[in-house]
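A.B. asks: Here's a sequence, model it:
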Amino acid sequence: MTQKKETPILVLSLLITLGILAAGFWWFTRKTDLNLHLLSKFPSTNSSRDFSKLEPHGKTFASVPNVPIGTFNYGGSTSWAPIRLTVDTAIQAARPEFQLRYVEPNNAAPGSGTGIQALIDGKLAFAQSSRPILDEELARARQRGFSLQQIPVAIDGLAVAVNPNLYIPGLTTEQLKSIYTGKTTNWSQLGGPNIPIKAYSRHLSDGGTVELFWQEILGGQPFGANVEFVSTTTQALQKVAANVGGIYYASAPEVVPQCSIKPLPLGRTQGEYVPPYQEPFVLPSECPGKRNRLNIEVFQSGKYPITRNLFVVVKQNAQPQEQAGIAYANLLLTEQGQELISKTGFVKIR
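C.D. replies: Numbering: from 1, shown residues only. Next up, the predicted model:
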């Protein structure tokens, strides 16, 4: 065969090979796109992400297999209170063999950190957390001879509450940091009225919400001397309602529906504020006949600047505690569980 005859054959072979490679690449990216989308729901952490023991998500609580029989202690994040009240009550009605007993710490405030510590200490079967497991918690667990697994079951966000009589369109996350580190002390510095800012917060040791705010908004910097620390969100919201210059942050379902305060739109850049509530805004005068509802779309898309996952933290020790924690997560991840989570004000993760 001459060189002139060989050339078209070689070109044709090359084109066929390239076509096969392109088709393979297209199929691979379609598959990995799905996996990357699913993994993007889980924040980067050194904690275990072995979900092999999770059952396929069913429709109802009754459809979940491998739910253990017995009474199991659990506790943790205060942000989970609406889920404990509504979803866990429904779980108990559907699965009476799986008894859940909420336990608060004896000498500390309830929260994600104290819940995970109680889990490590053997006082809880599983824990509820509003932030990822910390490296030091993983280290403490390994010293006890087991690992920890975090299973995301819902999406939440932090909302900022101000007095209804404070007229300001919104805040950037940088402005929020400036307030809580004590650099900005008057609303006039932010385009608002000449009113001193009174910032409220729970203590850093009180749980995952404050830890998340401290890490993600303050960047680990200390709270300013201008911040007044309170024991509960209820107490803080009462103070904001009574002080026109007040400001406070908490889990969005705890803030958005309230009648006595105003949830404030937040943004990553000035002028581009995203409300945590569905528009149009429900005025305090219309509440409680009407209430503001969570802006689910912006939490799911990540457009809202402060979002997080809620986790079930499981002790991986091949004991009934591990089975209980995985069963609880499986129950929450059913269609019934996700719908009830949505009704409590949180955002479904699936």
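A.B. asks: care to break this structure down by domain?
C.D. replies: The chain is divided into the following domains under automatic domain parsing: 61-155+309-348, 157-301.
A.B. asks: Make TSV out of these and add mean neighbour count and mean pLDDT.
C.D. replies: All C-beta atoms are positioned from the backbone trio N, CA, C, and that covers glycine. What follows is the domains of the chain, written out as TSV (neighbours: other C-beta atoms under 10 Å; pLDDT from 0 to 100):
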stretch	mean neighbour count	mean pLDDT
domain 61-155+309-348	20	96
domain 157-301	18	95
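A.B. asks: what are the ranges of the strands in this protein?
C.D. replies: Applying DSSP state E to the chain gives strands spanning 70-76, 98-102, 126-129, 147-162, 171-172, 198-202, 227-230, 246-251, 262-264, 266-267, 307-316, 347-348.
A.B. asks: what packs against the second one?
C.D. replies: This means strand 98-102. Contacts defined by 3 or more C-beta pairs under 8 Å, 6 or more residues apart in numbering; DSSP states H and E place strand 98-102 against strand 70-76, helix 81-94, helix 320-332.
A.B. asks: Looking at those, which is nearest to residue 258?
C.D. replies: In terms of C-beta to C-beta, the element of those nearest to residue 258 is helix 81-94, at 13.1 Å.
A.B. asks: How far away from the center of its chain is that closest one?
C.D. replies: Offset of helix 81-94 from its chain centre (C-alpha atoms, centre = their mean, to the nearest Å): 18 Å.
A.B. asks: Equivalent analysis for stretch 328-347, please.
C.D. replies: Counting by C-alpha atoms, centre = their mean, stretch 328-347 is centred 13 Å from the centre of its parent chain.
A.B. asks: Okay, and the beta partners of residue 186?
C.D. replies: Residue 186 forms beta bridges with residue 196, as assigned by DSSP bridges.
A.B. asks: how far away is residue 281 from residue 165?
C.D. replies: Residue 281 sits 14 Å away from residue 165, going by C-beta to C-beta, to the nearest Å.
A.B. asks: And for residue 196?
C.D. replies: As for residue 196, its distance to residue 165 is 14 Å (criterion: C-beta to C-beta).
A.B. asks: swap in residue 255?
C.D. replies: From residue 255 over to residue 165 (counting by C-beta to C-beta), the distance is 17 Å.
A.B. asks: Over to residue 235?
C.D. replies: From residue 235 to residue 165 the distance is 20 Å (C-beta to C-beta).
A.B. asks: Same question for residue 295.
C.D. replies: Separation of residue 295 from residue 165 (C-beta to C-beta): 23 Å.
A.B. asks: Tell me which residues are up against stretch 276-283.
C.D. replies: 157, 159, 252, 255-256, 263, 265-266, 275, 290-296, 298-299, 304 (C-beta atoms under 8 Å, 6 or more residues apart in numbering).
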